[in-house]
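**Student:** Okay, here's the prediction I keep looking at, along with the sequence it came from:
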Amino acid sequence: MAAEDRLRTYRGKRDFERTREPSGQAAREDGDRPRFVVQIHDARRMHFDFRLQVGDVLRSWSIPKGPSTDPGDKRLAVPTEDHPLDYENFEGVIPKGEYGGGTVIVWDHGTYEPASHDRRGRPVDFAESLERGHATFRLNGTKLHGEYALTRFRGSDGEDAWLLVRKGAARSDGHGTPDPRRARSVRSGRTLAQVAAADGEE
Ligand code: MN
């Protein structure tokens, strides 16, 4: 599907006269490696938005507790609409009353290496592995490093949901999860409160 079609849901939810979120018009240079971004979004409910570049869009999941670096943690990841590639750089305040109203910071970003394999160990196309409901990848971020897996399951409400899990041996250092109110942007070094104070006054 072309990005224009894939972004219809994203655009339909937003009024770009009111929000400074990108409308997704800008094309992006194709790097060697696909990109990922994790944003913290202080909306009606605080959550993390986890986005992986797949082709010309960012596939997106809302993760209430955020990604954990502890392989013992399974993190619920609720799929959301595809976002434009330049959303990776969005940090600021979405006006109250608009879709997703609240403050966003870029908590982490970087590249990832697709690492999906079939049962016999043969590489599987990454987009196809997502279609099949199980994708593995290595994150090369500023904060997040290492291999993670996204696995789809049928939630109790009958809707598809996913689990994001760090691969590897379990840890017990207690540093698996960031505190969203104290976390700082990898772009600006600011906290949610600092971004809200600066951007909310404009
Ligand atoms: Mn969000």
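**Tutor:** Yep, that arrived.
**Student:** Could you point out the longest strand of the chain?
**Tutor:** strand 102-114 (DSSP state E).
**Student:** strands paired with it, and their directions?
**Tutor:** strand 35-42 (antiparallel), strand 92-94 (antiparallel), strand 134-141 (antiparallel) (DSSP bridges).
**Student:** which helices and strands does whatever helix or strand comes next after that strand pack with?
**Tutor:** Counting by DSSP states H and E, the next helix or strand C-terminal to strand 102-114 is helix 126-132. On a contact count with 3 or more C-beta pairs under 8 Å, 6 or more residues apart in numbering; DSSP states H and E, helix 126-132 meets strand 46-54, strand 134-141. Glycine gets a C-beta too; all of them are placed from N, C-alpha and C.
**Student:** Pull the contacting residues for the residue in the chain that the ion sits nearest to.
**Tutor:** In the chain, the residue that lies nearest the ion is H41 (3.6 Å; C-beta to the ion). Neighbouring residues of H41 by C-beta atoms under 8 Å, 6 or more residues apart in numbering: 47-49, 62, 100, 102-104.
**Student:** Same list, the residues you listed, but only the ones touching the ion.
**Tutor:** Among these, the residues within reach of the ion (C-beta under 5 Å from the ion) are D49.
**Student:** Turn the contacts of H41 into a markdown table, columns for pLDDT and distance to H83.
**Tutor:** Below are the contacts of H41 laid out as a markdown table (pLDDT from 0 to 100; distance: C-beta to C-beta, whole Å):
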| residue | pLDDT | distance to H83 |
| --- | --- | --- |
| H47 | 98 | 14 |
| F48 | 98 | 14 |
| D49 | 98 | 8 |
| S62 | 98 | 11 |
| G100 | 96 | 11 |
| G102 | 97 | 16 |
| T103 | 98 | 17 |
| V104 | 98 | 11 |
